[in-house]
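Chemist: What shape does this take:
(one chain, ligands or ions: 1)
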Amino acid sequence: MNAGVGHEAPDQYGVAGHPVAHSWSPFIHGMFAKATAQNLVYRLFDISPQQFRGEALRLFAAGVRGMNVTLPHKQAAAELVNELTPRAFRAQAVNTIAFFDDTSLLGDNTDGLGLTADLERNLGMTLADKRVLILGAGGAVRGVLGPLLERDLREVVIANRTPDRARKLAAEFEDIGNISACGFSEVRGPPYDLIINATSASLQGDMPVMPAGLVGEDSVCYDMAYGRGHTPFTLWAKSLHAARTCKGWGMLVEQAAESFLLWRGIRPDTKPVLQALAQHT
Ligand SMILES: NC(=O)c1ccc[n+]([C@@H]2O[C@H](COP(=O)([O-])OP(=O)(O)OC[C@H]3O[C@@H](n4cnc5c(N)ncnc54)[C@H](OP(=O)(O)O)[C@@H]3O)[C@@H](O)[C@H]2O)c1
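Modeler: Below is the predicted model:
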C-alpha cells in the first residue's frame with residue numbers, strides 16, 4: 001500500500017448562511033468531489049449577520065479553503081474579500097469565496113451563470129429578445145442581472161416589495177440593457193416570456209399579490225427557491241396556465257459547479273447530481 005495516498009487531511013469548504021440548515025450544498029459538493037476524486041469536506045456554517053465578518057475570517061484562518069455564501073451575507077461577503085472577479089464587482093454581491101496561499105480572499109458570483117446554464121442548457125430556453133419580469137431585488141438578483149442582460153433581452157422589469165431598492169438596483173445596470181423597476185402593484189402586462197421569483201417569500205410560504213395579465217400561455221415561471229412540491233409562486237403560475245413552472249434546483253447545481261471550478265480547477269458533470277436530486281423535488 002502506498003503510504004500517504006488517501007491519508008492527507010481533506011481540504012475544507014462550506015456554505016455560510018442564516019438560516020442554512022436546509023441547504024443541499026453539502027450533498028451537491030459531496031457528489032462533485034466523489035465524481036472528480038477530490039479530497040475535500042464541505043460543511044454548513046450557520047453565522048448570524050452580526051458575526052459574519054469575524055467568523056468568516058476565523059474559519060479561513062483555521063484552514064477553510066473556500067466558502068459559498070448565501071442569504072443574507074452576499075453583500076457583506078463582497079465587502080470582506082480583497083479582490084472581486086469582474087462579475088462579482090458588477091453585482092456587488094459574492095456567493096463564492098476562494099482563500100489563496102498568500103492569505104488573500106477572492107470573491108466571485110456564480111449565481112448568474114447558474115441561472116443562465118439552467119435556463120439555456122437544462123431547460124432549452126433562448127433568452128435573446130425575451131421580456132423578463134424579476135420579483136425581488138436582493139443578493140440573488142444582483143448576481144443574475146449581468147449574465148441575463150448580456151443575453152440581449154428585450155426588456156427586464158424588476159418588481160420589489162421595497163420599490164426603491166429595485167430602482168436603485170436597476171440604475172446600477174441600466175448601462176448594459178433595457179431595465180426598469182417598480183413595486184409589485186405597478187407591474188403591467190402584456191404577459192412576460194419569463195417570470196423569475198427571486199423573493200425569499202417562498203421560504204415563508206408567501207407569494208406577493210401581483211396584478212392580473214402578467215402570465216400567459218407561453219410564459220415560463222421560474223422560482224429560484226427550491227424544495228419539495230409546489231411553491232406559492234409555482235402554484236400562482238399554474239393557476240394562471242403558465243406554459244411551464246420550474247424551481248431553482250438546476251440553478252443551485254449549476255452555480256455550485258462554477259464554484260467547484262474556481263476552487264478545484266475542474267467543472268464537474270452536473271447531470272448525475274440533477275438526477276439524484278430529482279427524487280427530492
Ligand atoms: N436556486 C439557487 O441557486 C438560488 C440562488 C440564490 C438565491 N436563491 C433563492 O432566491 C431567494 C432570494 O435570495 P436572496 O439571496 O436574494 O435574498 P435577499 O437578499 O434576502 O433578498 C430577499 C428578497 O425577497 C424580498 N422578500 C422577502 N420577503 C418577502 C415577502 N414576504 N414578500 C415579498 N417579498 C419579500 C425582499 O424584499 P425587500 O427588498 O422589500 O426586503 C428581497 O427583494 C431565496 O429564496 C433564495 O433561497 C436560490
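Chemist: what does the stretch 1-150 of the chain put close to the ligand?
Modeler: Of all the residues in the stretch 1-150 of the chain, those in contact range of the ligand (C-beta under 6 Å from any ligand atom) are 71-72, 74, 111, 114, 136-141. In this view, the C-beta of every residue, glycine as well, is placed from N, C-alpha and C.
Chemist: What about these, which one has the most neighbours?
Modeler: Ranked by neighbour count under the definition other C-beta atoms under 10 Å, these are headed by D111 with 34 neighbours.
Chemist: excluding its backbone neighbours, what's nearest that one?
Modeler: In space, and not counting its chain neighbours, D111 is closest to G143: 3.2 Å by C-beta to C-beta, 6 or more residues apart in numbering.
Chemist: mind checking how far R65 is from the ligand?
Modeler: For R65, the distance to the ligand (C-beta to the nearest ligand atom, to the nearest Å) stands at 21 Å.
Chemist: That residue is in contact with Q12, isn't it?
Modeler: Yes. Applying C-beta atoms under 8 Å as the test, R65 and Q12 come out as touching, 6.0 Å apart.
Chemist: contacting residues for the residue of the chain at minimum distance from the ligand?
Modeler: Taking C-beta to the nearest ligand atom as the measure, the point where the chain comes nearest the ligand is G138, at 2.0 Å. With C-beta atoms under 8 Å, 6 or more residues apart in numbering as the criterion, the residues that contact G138 are 71, 198-200.
Chemist: which among these end up buried?
Modeler: A residue is treated as buried here by neighbour count (16 or more other C-beta atoms under 10 Å); on that basis the buried members of those are 198-200.
Chemist: Could you tell me which of the residues you listed are located in strands?
Modeler: Using DSSP state E, no member of those falls within strands.
Chemist: Of the residues you listed, which are in range of the ligand?
Modeler: Residues shared between the buried ones among the contacts of G138 and the neighbourhood of the ligand are 198-200 [C-beta under 6 Å from any ligand atom].
Chemist: Generate TSV for those residues, with pLDDT as supplementary columns.
Modeler: Converted to TSV, those look like this (pLDDT from 0 to 100):
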residue	pLDDT
A198	97
T199	96
S200	90
